[in-house]
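Engineer: model the structure of this input:
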Amino acid sequence: MELRVDQTPNPNAIKFTASESLFEGSTSLKQGQETDNAFAKALLELEGVDNIFGYGDFVTVNKTGDADWETLIPKVQDAYQKTKNE
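Structural biologist: Numbering: from 1, shown residues only. Model (predicted):
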């Protein structure tokens, strides 16, 4: 299962929605912050991710200004698949 990708009004942010819960409660993290959530940790390790906001079955990923969504979206989806299977 892949994540559904939805545009947001912010060109530096994209919302990813799963068919299952990704987070318990609200999660807001910036690059360099620690977390026990494997998916959030994998996202923050991706080059080009500035910060994330997750709640329930979705996460909004904010990219750095120089990152490209064409490159970053597949990496987010791959991180989801890898952590889902752990």
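Engineer: make it CA atoms for all contacts and neighbour counts henceforth
Structural biologist: Will do.
Engineer: nearest residue to the middle of this protein?
Structural biologist: Central residue of the chain (C-alpha atoms, centre = their mean): residue 61, 4.6 Å from the mean position.
Engineer: after the helix or strand encompassing that one, which helix or strand is next?
Structural biologist: Per DSSP states H and E: residue 61 is located in strand 58-63. The helix or strand immediately downstream of strand 58-63 is helix 69-84, counting by DSSP H and E.
Engineer: in the protein, where is pLDDT below threshold?
Structural biologist: Within the chain, the stretches with pLDDT under 70 are 1, 86.
Engineer: sorry, back to before: go ahead and measure how far the strand holding residue 61 is from the middle of the chain.
Structural biologist: Relative to the chain's own centre, strand 58-63 is displaced by 5 Å; criterion: C-alpha atoms, centre = their mean, to the nearest Å.
Engineer: so what's the residue nearest to the centre of the chain bridging to?
Structural biologist: residue 14, residue 52 (DSSP bridges).
Engineer: in contact with it, which residues?
Structural biologist: 13-16, 49-53 (C-alpha atoms under 8 Å, 6 or more residues apart in numbering).
Engineer: among those, which pair sits farthest apart?
Structural biologist: 16 and 50 (15.3 Å; C-alpha to C-alpha).
Engineer: would you mark the buried spots in stretch 55-62?
Structural biologist: Across stretch 55-62, burial judged by 16 or more other C-alpha atoms under 10 Å covers 55, 58-62.
Engineer: same check, this time on stretch 37-51
Structural biologist: Neighbour count says stretch 37-51 has 39-44, 48-51 buried, by 16+ other C-alpha under 10 Å.
Engineer: nearest to residue 83 among those residues?
Structural biologist: residue 39 (5.7 Å).
Engineer: I'd say the closest one and residue 83 touch.
Structural biologist: Yes: with contact defined as C-alpha atoms under 8 Å, residue 39 reaches residue 83; the gap is 5.7 Å.
Engineer: if I look at residue 14, how far off is residue 36?
Structural biologist: According to C-alpha to C-alpha, to the nearest Å, residue 14 and residue 36 sit 23 Å apart.
Engineer: just residue 49 next, same as before
Structural biologist: 18 Å.
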